[in-house]
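K.L.:
Need a 3D model of the sequence below.
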Amino acid sequence: MNMRFKAITCQVFTREMERVVSRSPHSIEIEIVPMGLHDLGVGMRPHLQERIDAADNAGFDAILLGYALCGRGTEGLRAGKTPLVLPRVHDCIGLLMGGHPTYEDYFQNHPGVYYRSPGWIEFQTPGMMLEPAFTSQKTSLGERRTLAELTAQYGEENGAYLFEQFNAFRSHYSGLTYISTAVPSDEPSRIKARAEAGKEGWAFDEIKGTLKLIQRLVDHEWDAAHFLVVAPGETIRATLGDSIVDTV
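P.N.:
Sure, this is the predicted structure:
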């Protein structure tokens, strides 16, 4: 049975979402949300809720979220008349690695690394501060601001100082891991990721990502172990343990 879905997805998954949608047996309307929304942390919630509410009366069978828990940025999102579907992962790493257990296993054996993917590199604004992609640990200084923006707001000397401080955390990392997803932008993104690692003096590693969870999201294959289906009127909440998200 052909179904009609709305996919509201982070820009970081643009190419991956395009690929899985082209293979799906269902009709899917994609809405791409700028990746800078991550900088708001929990403040991203009202922006996503606005998009969910706008799609609620359009006759979709479900609204698919191309997001993870994202530092609790999706916690509190509420389904209107249309069910919401969210992958049970903490962040983008888990989604591109095929699930949180795979990511956790890699993380335990590779502490202190940055993560990059084609989307994070392709859609990163030139001159943008580089923060560790996919991190669920954010500080009050963890927003993405360019040097020009900071100097315009705080003056040349203060702006330069703040930009330096915002990027100081990079000294605590020792490696960069590139997650390959075999999309068209993969090769140029790999080259840039390797160059970034070289510039910082970090070890470079590459792992093969997978689109299986994103594909199952758009294919209506929502097993309870990997996806949360939020029924009309329910709200997403974060939980402890392997379930990661639940409803209330």
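
K.L.:
gap between the longest helix anywhere in the chain and the chain center?
P.N.:
The helix that spans the most residues within the chain, counting by DSSP state H, is helix 186-200. Here helix 186-200 is found 19 Å from its chain centre; the criterion is CA atoms, centre = their mean, to the nearest Å.

K.L.:
so what's the residue nearest to residue 88 when sequence neighbours are not counted up against?
P.N.:
Spatial nearest neighbour of residue 88, chain neighbours left out: residue 244 (4.7 Å); criterion: CB to CB, 6 or more residues apart in numbering. Placement of C-beta: from N, CA and C, glycine included. Neighbour list for residue 244: 69, 88, 89, 90, 100, 238 [criterion: CB atoms under 8 Å, 6 or more residues apart in numbering].

K.L.:
Out of the residues you listed, which end up buried?
P.N.:
69, 88, 89, 90, 100 (16 or more other CB atoms under 10 Å).

K.L.:
could you redo those as JSON lines and give each row distance to residue 24 and secondary structure?
P.N.:
JSON lines is the format used below for those (distance: CB to CB, whole Å; DSSP: H, G, I helix; E, B strand; the rest coil):
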{"residue": "69", "distance to residue 24": "24", "secondary structure": "coil"}
{"residue": "88", "distance to residue 24": "20", "secondary structure": "coil"}
{"residue": "89", "distance to residue 24": "20", "secondary structure": "coil"}
{"residue": "90", "distance to residue 24": "25", "secondary structure": "coil"}
{"residue": "100", "distance to residue 24": "24", "secondary structure": "helix"}
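
K.L.:
What ranges does the protein have for its helices?
P.N.:
14-23, 45-55, 92-97, 100-109, 118-122, 147-154, 156-166, 186-200, 212-218.

K.L.:
what about the third one, average pLDDT?
P.N.:
Okay, so that is helix 92-97. Averaging pLDDT along helix 92-97 gives 93.

K.L.:
Counting by contacts, list what that helix packs against.
P.N.:
helix 100-109, strand 175-180 (3 or more CB pairs under 8 Å, 6 or more residues apart in numbering; DSSP states H and E).

K.L.:
Buried residues in the first one, which are they?
P.N.:
Neighbour-count burial for helix 100-109, with 16+ other CB under 10 Å as criterion, is recorded at 100, 102, 103, 106, 107.

K.L.:
Then stretch 74-87?
P.N.:
Applying 16+ other CB under 10 Å to stretch 74-87 flags 74, 75, 76, 77, 78, 79, 82, 83, 84, 85, 86, 87 as buried.

K.L.:
Give me the pLDDT value at the nearest residue to residue 205 once chain neighbours are set aside.
P.N.:
Nearest in space to residue 205, with sequence neighbours left out and distances taken as CB to CB, 6+ apart, is residue 177 at 4.6 Å. For residue 177, the pLDDT comes out at 96.

K.L.:
Check the one 5 residues further on too.
P.N.:
Residue 182 is assigned a pLDDT of 95 by the prediction.

K.L.:
burial of it, as a residue count?
P.N.:
14 (other CB atoms under 10 Å).

K.L.:
Offset the numbering so it begins at 25, please.
P.N.:
Shifting the count to begin at 25 puts that one at residue 206.
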